[in-house]
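>>> Here is my input; please provide its structure:
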Amino acid sequence: MERSYALGELLTQISTITIVLSGLSLIVGVVLIKRGQRQAHMSAMMVACALASIFIVFYLTKVGLRFSKEYIGPPEWHVGYLVLLISHMIMAALNLPLAVMAFINAWNGRKAAGGRGFIEPEAIHQSTAASFFAKHRAWVRWTVPVWLYVAVTGWMIYAVLEQYGRWKA
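Numbering: from 1, shown residues only. Here you go, the predicted model:
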């Protein structure tokens with residue numbers, strides 16, 4: 001009996017769309033914080049985290065259902081594809097703890113500043129809140145480039161496998 005890959009394709013498309021949108025939300029969040037728009041930054045980052053979480057659910061569902069494609073493109077590109085895939089996988093594994101630590105420190109800083117809604121700038125300079133926000137900034141120096149790398153290479157892998165991939169039996 002022939003296996004239908006429509007569900008695998010749907011899960012692949014949803015997971016790719018969500019991780020790319022999370023990367024775009026991340027960029028928006030970075031721009032907003034550089035402009036001093038803290039509340040909008042927090043909203044953009046919550047959207048980025050939510051989209052990344054949705055990605056994980058759909059991606060792991062696809063893997064759990066054993067839907068995967070193998071590369072069947074030009075042999076001279078195979079090594080390059082493997083380098084891209086392996087680097088993507090390593091960076092994706094690193095991204096989760098980086099993002100979690102950045103989130104935890106931002107959350108704790110927000111709580112220490114007394115913020116449920118808008119955080120007053122002077123509250124951020126309180127010693128406890130400032131300490132958490134400093135840790136948050138230290139974590140995001142690594143998290144942002146890794147997250148963007150994962151989002152971009154995830155889309156690239158999707159594009160390559162759409163052109164040069166076949167579903168594994």
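
>>> My read is that K62 contacts E9, right?
No - using C-beta atoms under 8 Å, K62 makes no contact with E9, being 9.6 Å away. Quick note: C-beta positions are derived from backbone N, CA and C, even for glycine.

>>> The two: who's more crowded?
A count of neighbours by other C-beta atoms under 10 Å puts K62 above the other of K62 and E9, at 19 against 15.

>>> If you count neighbours, what's buried in the helix or strand that contains that one?
Applying DSSP states H and E as the criterion places K62 in helix 38-64. The neighbour-count check on helix 38-64 (16 or more other C-beta atoms under 10 Å) flags 38, 41-42, 44-45, 47-49, 51-52, 54-55, 58-59, 62 as buried.

>>> what does stretch 20-30 give?
Across stretch 20-30, burial judged by 16+ other C-beta under 10 Å covers 20-23, 25-26, 28-30.

>>> Which of these sits closest to G114?
Closest approach between those and G114, by C-beta to C-beta: G29, at 21.9 Å.

>>> What helix or strand is that closest one located in?
helix 6-34.

>>> Name the helix or strand of the protein that has the lowest mean pLDDT.
Least confident helix or strand, the chain: helix 121-124 with a mean of 58, by mean pLDDT, DSSP states H and E.

>>> Any stretches of the chain with poor pLDDT?
1-2, 116-126 (pLDDT under 70).

>>> Mind doing that once more with 80?
Residues of the chain meeting the criterion pLDDT under 80: 1-3, 114-127, 169.

>>> what would the buried residues of stretch 20-30 look like in TSV with distance to S4?
Formatted as TSV, the buried residues of stretch 20-30 follow (distance: C-beta to C-beta, whole Å):
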residue	distance to S4
V20	26
L21	27
S22	29
G23	30
S25	33
L26	34
V28	37
G29	39
V30	41
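
>>> and the longest helix along the chain, what does it pack onto?
Under DSSP state H, the helix in the chain containing the largest number of residues is helix 127-164. Helix 127-164 sits against helix 6-34, strand 69-71, helix 78-112, helix 121-124, with contacts defined as 3 or more C-beta pairs under 8 Å, 6 or more residues apart in numbering; DSSP states H and E.
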